[in-house]
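S.K.: One predicted model, sequence on top.
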Amino acid sequence: MITRIAKTNRKEEHNLNCLICEAPLSHSLSWHALFFLHAEEKICGECKESFIEIKGTVCRKCGRPQDNEKLCRDCFKWEADAKTGSLLQQNRSVYLYNSFMKETLSRFKFRGDAALVSAFAPSFIRTFQKHFRQTRFALVPIPLSEERKIERGFNQAERLASLLKRPVLHPLIRTENEKQSKKSRAERLKEKTVFKTDKGSVKGLSVLLIDDLYTTGATLHHAARCLKVDGEADLVSSYTLIRS
């Protein structure tokens, strides 16, 4: 299935081709849809089915799929540590990390295909409304370092946050520059200073961190600590596109 993914550096544009494999979509659209193209129609059915949405029971803390709602092994460790146990209220994610998602995410993040955010939009918005609509969160995208943002041309977390049509704040500054994907789990967990923020930057607010991928939870816990301790946030949760 990976071979269906088009290897392009497409700029953001409106067309009637699948954003991922570029197969024509017009054959299945009505004239009404041609003029009012919805987000659901930005990818073909085959590509849509290759993404695996998270359904059923999950860890009540991080949203990892499992056969019960008890804390998973990772969350049990986070909660058992007095320094991290109360930092992150909960995380919820939309998709599992399979091989098709891995290739699509690589195009989105590392090959500058910012238009691909529209491929995720319907499920990302729907899942947000399911889990977070009742709470008045301020959205805070996980920031990139300036060097990394220049290299990619955009921040993928900011693009995802923009889909939700809610207030977006940028109180966090990233203080380390090394790619997280190159670090081992142990290295991610040992990091102490990843972000900084001004004192009281989100005082009294309920914050929802937005990111593309939840792996170990280390990045989100680092951000939550910064926002709660220095930013004085009331509570911090997180919402990610993918749970690996």
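M.R.: Okay, I see it.

S.K.: Could you pick out the longest helix of this protein?
M.R.: In the chain, taking DSSP state H as the definition, the longest helix is helix 117-132.

S.K.: Leaving out the residues flanking it, which one is nearest to residue 61?
M.R.: Closest residue to residue 61 apart from its sequence neighbours, by Cβ to Cβ, 6 or more residues apart in numbering: residue 75 at 4.0 Å. Where C-beta positions appear, they are placed from N, C-alpha and C, glycine not excepted.

S.K.: residues contacting the one you found?
M.R.: Counting by Cβ atoms under 8 Å, 6 or more residues apart in numbering, residue 75 touches 59, 61, 62, 64, 217.

S.K.: for residue 161, same thing?
M.R.: The contact partners of residue 161, taken as Cβ under 8 Å, 6+ apart, are 139, 141, 168, 210.

S.K.: which of those residues count as buried?
M.R.: 139, 141, 210 (16 or more other Cβ atoms under 10 Å).

S.K.: Now the residue nearest to residue 61: which helix or strand?
M.R.: Using DSSP states H and E, residue 75 sits within helix 73-80.

S.K.: What of residue 213?
M.R.: Secondary structure from DSSP H and E places residue 213 in strand 206-214.

S.K.: again with residue 220
M.R.: Assigned by DSSP H and E, residue 220 falls within helix 218-229.

S.K.: So which other helices or strands are in contact with that helix?
M.R.: Judged by 3 or more Cβ pairs under 8 Å, 6 or more residues apart in numbering; DSSP states H and E, the packing partners of helix 218-229 are helix 185-190, strand 195-196, strand 206-214, strand 235-243.

S.K.: That one: which residues count as buried?
M.R.: For helix 218-229, the neighbour count (16+ other Cβ under 10 Å) marks 218, 219, 220, 221, 222, 223, 224, 225, 226, 227, 228 as buried.

S.K.: can you give me the offset of that helix from its chain's centre?
M.R.: Here helix 218-229 is found 16 Å from its chain centre; the criterion is Cα atoms, centre = their mean, to the nearest Å.

S.K.: Repeat that for stretch 128-142.
M.R.: With Cα atoms, centre = their mean, you get 12 Å for stretch 128-142.

S.K.: so where is this structure shaky, pLDDT-wise?
M.R.: The chain contains residues with pLDDT under 70 at 1-15, 26-41, 178-192.

S.K.: by how many degrees do the helix holding residue 75 and helix 218-229 diverge?
M.R.: Calculated by axes from the mean of the first three to the mean of the last three Cα atoms, to 10 degrees, helix 73-80 forms an angle of 20 degrees with helix 218-229.

S.K.: Same question for helix 73-80: list its buried residues.
M.R.: Per 16+ other Cβ under 10 Å, helix 73-80 contains these buried residues: 74, 75, 78.

S.K.: Restrict that helix to CA atoms and write it as CSV.
M.R.: Taking Å, rounded to 0.1, in the frame of the first residue of the first chain, the C-alpha atoms of helix 73-80 are listed here in CSV:
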residue,chain,number,x,y,z
ARG,A,73,2.5,0.3,32.0
ASP,A,74,3.9,3.6,30.9
CYS,A,75,1.3,5.7,32.6
PHE,A,76,1.6,3.7,35.8
LYS,A,77,5.3,4.8,35.8
TRP,A,78,4.4,8.4,35.1
GLU,A,79,1.8,8.4,37.9
ALA,A,80,4.0,6.6,40.4
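
S.K.: Since that was my last question, I'll sign off now.
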